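# Fold the following.
(4 chains)
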Number of protein chains: 2
Amino acid sequence: MANSARRRVTSSDVAREAGVSRATVSYVLNADPRQSIPEHTRRRVLEAAARLNYLPSPAARELARGSSDLVLCLLPDWPIGFSVGRLLEHLSRAVAEHGLTLVTHLASVKDGLVQDIWRKVAPIGVVVMGGLSDADRTAIQAAGIQAVHILDEPGTAEHNEMRLSQMEISRVQVAHLAGAGHRRLGFAGTDDERLAGFAQLRLDGVRGACEDLGLPEPVVHPVPLDPERAAAAVEAWRSRGDGEPVTAVCAYNDETALAILAGLRRLGLTAPGDLAVIGVDDIPSAGLADPPLSTVELDLEAQARFLADEVVRAAGGMPRFPDVSPISVRLIVRDSA
Amino acid sequence: MANSARRRVTSSDVAREAGVSRATVSYVLNADPRQSIPEHTRRRVLEAAARLNYLPSPAARELARGSSDLVLCLLPDWPIGFSVGRLLEHLSRAVAEHGLTLVTHLASVKDGLVQDIWRKVAPIGVVVMGGLSDADRTAIQAAGIQAVHILDEPGTAEHNEMRLSQMEISRVQVAHLAGAGHRRLGFAGTDDERLAGFAQLRLDGVRGACEDLGLPEPVVHPVPLDPERAAAAVEAWRSRGDGEPVTAVCAYNDETALAILAGLRRLGLTAPGDLAVIGVDDIPSAGLADPPLSTVELDLEAQARFLADEVVRAAGGMPRFPDVSPISVRLIVRDSA
DNA sequence: GCGAGTCACTGACGCGCGTAAGTTGAGCGA
DNA sequence: TCGCTCAACTTACGCGCGTCAGTGACTCGC
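Below you'll find the predicted structure:
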């Protein structure tokens, strides 16, 4: 319908249409409280804007104001699963409640594309989901952009906002298994390098929880998402020569737990009788497995809200909360443990 | 380390530091081919920029040039699954190959937040994953932004880039089941409204494929992601009074297929003997199910590349390809069908 | 009737950048 | 020696907006 190559509608056009100055237009559209504008002209401006289908240029606005309304979420190139998606959804909503907009970028670390994102968007804050190189990290800092790091490898990040939640997840897993009488626990990690740091965080939690409860060190095996190779891990756990065999394992996520279940099946065994299994995330497939998977679920909405508050806070130059985050973990007991 | 409230480094700073004019700086940094700049000054500018840690302001650049380097991907609020994540990953890479940057926004339709995104980012093109209201659609068009629609309900979108791929998926499902001797097929839809249009697209494909192969109309039942209720659907398929009972079903995605498997289990039945089941997506859980799920996988990388080409093409004012997309579907035969 | 004080509005500047349109000086042939 | 070309710059404008410092027209109290 409209000529796509036509000049864009600017606030001057609106001003002319409404018979006022450009400044007035700006005051009206931004509802500047320091100006008193009679309803009469206010309406005229608004109507003119609507009539011309005026959309302010974000670039010009940003240039003039000196800051954008964007919050950038940097995602590493791990497989995006159910939880990440849901966290993003909540984060988007939470950020919107602050009058800001969340945009997400998949940062393929190995491609070295992360850096370029700074030349394209100028967010007031960044939420980093992990997987950032040190160079990128310092680049962000150097650009004066406030960043909130989550799920990073322990030790590398200055702030690691969700570490405590991650610990709590493991604690709940272990507590449930211990409550069922298990003493010798296993931990199922991943063979996916991209997820290694993440799994490590969970392992640390399990280690700590075992220690707190006076249980022996958890026995760690990576579990590939393949029935055959998962079966090998299962056998390794069950047939430990030294000391008591492992009777229950904490998987670092539901898919890994599902793989263990598949491994058990391949050996003609079942959970929880032969080996109890508990996952993390409560992905849809968890409740559909055989046996239905017991798991632990994080309150992602609360986490998202917390993260949003943190970025806004940091962007506003306000002090961060200390290294605590709202811990809300739900244990979902089904049949596998 | 650095004072966070300090003035930002501009190209004037670089110019001063390098002892040249601002224009020269711009020419050097943008490698303008129409200017001849001796290596000597080129180096001076580059070094000055590096020394001052200069980052050009995206806003100013965009304002001056009239367009940004961003491509926006609009995601509806459906549960983000494995495939969407992977498609995004490939899309990000494919867009980057055009020198552009992909950012993603979760558009919660019901919150009415979609519109606001235009005030924040000004992409040169948009990839819409579906779930957009008509108002939003026209708003995009009115803003003169080129959009590429995928996975939208048939009939609503002008261009629906992936429709043919979606059809092809269903065709492969049906062909496999028919090849195994099944004649009366079922189709498992969803009870999630957000996914309804999506599932409808698949159903249309299955209908068409059945027709082409001379099979009777598929019998449609929604399958909730809950073993109990999925079992009800299974019983409905198996005990059809009229005509022959359904012996195989196409699920609109893997999770739904997994639910059917769980429903069968609850009834003491198994696939494929009592009811063959085939899914779509090949999510990690599919291979870990009991029995391992047969499924159909789309070549997401090729799709992503196609979509990226389309947006760039559209943004450049070039004609679109006709309503075809590269069809590359892989059948993964495991045990469930 | 007149200065002080609103009210409603406008003019003009600057944000940081790309780039068209000069300007300068060196090199070169006639 | 003079004019001409061309490399190597610089100057200046404009992108669309926010916003400060006015400015003229009106009250209002005395």
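
# so A:Arg305 touches A:Ser92, yeah?
No - the criterion here is C-beta atoms under 8 Å, and A:Arg305 misses it with A:Ser92 at 11.6 Å. Every C-beta, even on glycine, is put in place using the N, C-alpha and C of the backbone.

# Give me the more crowded residue out of those two.
A:Ser92 (27 against 18; other C-beta atoms under 10 Å in any protein chain shown).

# Say whether chain B is contacted by the helix or strand where the more buried one lies.
A:Ser92 belongs to helix A:82-96 when elements are defined using DSSP states H and E. Yes - using C-beta under 8 Å from any C-beta of the partner chain, we find that helix A:82-96 touches chain B at A:82, A:84-86, A:88-89, A:92-93, A:96.

# Buried among those? Make that a PyMOL selection.
Typed into PyMOL, the line below selects the buried ones among these, using 16 or more other C-beta atoms under 10 Å in any protein chain shown:
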select buried, chain A and resi 82+84+85+86+88+89+92+93+96
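
# Using a markdown table, lay out the residues of helix A:82-96 next to chain B together with pLDDT.
Shown next, in a markdown table, are those (pLDDT from 0 to 100):
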| residue | pLDDT |
| --- | --- |
| A:Phe82 | 84 |
| A:Val84 | 87 |
| A:Gly85 | 87 |
| A:Arg86 | 89 |
| A:Leu88 | 91 |
| A:Glu89 | 88 |
| A:Ser92 | 90 |
| A:Arg93 | 89 |
| A:Ala96 | 88 |
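
# if we take the residues of helix A:82-96 next to chain B, which one ends up nearest to A:Ala48?
For these, the residue nearest A:Ala48 by C-beta to C-beta is A:Ala96; the value is 28.0 Å.

# Does the closest one touch A:His90 like I think?
No - using C-beta under 8 Å, A:Ala96 is not in contact with A:His90; the gap is 10.6 Å.

# ok, back up a step: between the helix holding A:Ser92 and helix B:82-96, how many degrees?
Put simply, helix A:82-96 runs at 70 degrees to helix B:82-96, going by axes from the mean of the first three to the mean of the last three C-alpha atoms, to 10 degrees.

# What helices and strands are in contact with the next helix or strand after helix A:82-96?
Downstream of helix A:82-96, the next assigned helix or strand under DSSP H and E is strand A:101-106. Contacts defined by 3 or more C-beta pairs under 8 Å, 6 or more residues apart in numbering or on different chains; DSSP states H and E place strand A:101-106 against strand A:70-75, helix A:82-96, helix B:82-96, strand B:101-106, helix B:117-120.

# would you turn the ones you listed into CSV with distance to DNA strand C?
Formatted as CSV, the helices and strands packed on strand A:101-106 follow (distance: least, C-beta to the nearest atom of the strand, whole Å):
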stretch, distance to DNA strand C
strand A:70-75, 17
helix A:82-96, 25
helix B:82-96, 19
strand B:101-106, 15
helix B:117-120, 17
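
# for these, which one sits closest to A:Ala180?
Nearest of the helices and strands packed on strand A:101-106 to A:Ala180, taken as C-beta to C-beta: helix A:82-96 at 24.9 Å.

# which residues in chain A form strands?
A:70-75, A:101-106, A:125-128, A:146-149, A:185-189, A:219-222, A:248-251, A:276-280, A:294-298, A:329-332 (DSSP state E).

# would you turn the residues of helix A:82-96 next to chain B into TSV with distance to A:Pro245?
Below are the residues of helix A:82-96 next to chain B laid out as TSV (distance: C-beta to C-beta, whole Å):
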residue	distance to A:Pro245
A:Phe82	32
A:Val84	35
A:Gly85	37
A:Arg86	36
A:Leu88	40
A:Glu89	42
A:Ser92	46
A:Arg93	46
A:Ala96	51
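
# Buried residues in stretch A:167-184, which are they?
So, applying 16+ other C-beta under 10 Å, buried residues of stretch A:167-184: A:167-174, A:176-178, A:182, A:184.

# any idea of the mean pLDDT in that stretch?
Per-residue pLDDT values across stretch A:167-184 average out to 94.

# How far does that stretch sit from its chain's centre?
Here the centre of stretch A:167-184 is set off from its chain's centre by 24 Å, with C-alpha atoms, centre = their mean, to the nearest Å.

# List the contacts of it.
With C-beta atoms under 8 Å, 6 or more residues apart in numbering or on different chains as the contact definition, stretch A:167-184 has outside contacts at A:185, A:202-206, A:208-210, A:212-213, A:215-216, A:219, A:240, A:243-248, A:250, A:272, A:276, A:278, A:280, A:294, A:296, A:298, A:327, A:329, A:331, A:333, A:337.

# and if you look at stretch A:35-54?
A:9-11, A:13-14, A:17-20, A:24-25, A:27-29, B:142.

# Which ones, among those residues, also lie beside DNA strand D?
Residues of the contacts of stretch A:35-54 in contact with DNA strand D (C-beta under 7 Å from any atom of the strand): A:10-11, A:27, A:29.

# what about the helices in chain A?
Taking DSSP state H as the criterion, chain A carries its helices at A:11-18, A:22-29, A:39-52, A:58-65, A:82-96, A:117-120, A:134-142, A:163-179, A:196-212, A:227-238, A:254-266, A:300-315.

# any idea which of these is most buried?
helix A:254-266 (a mean of 27; mean count of other C-beta atoms under 10 Å in any protein chain shown).

# taking the mean pLDDT, what do you get for that one?
pLDDT averaged over helix A:254-266 gives 96.

# returning to that earlier point: with distance to B:Met129 added, can I get the strands of chain A in CSV?
CSV is the format used below for these (distance: least, C-beta to C-beta, whole Å):
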stretch, distance to B:Met129
strand A:70-75, 16
strand A:101-106, 13
strand A:125-128, 21
strand A:146-149, 27
strand A:185-189, 33
strand A:219-222, 34
strand A:248-251, 31
strand A:276-280, 27
strand A:294-298, 26
strand A:329-332, 30
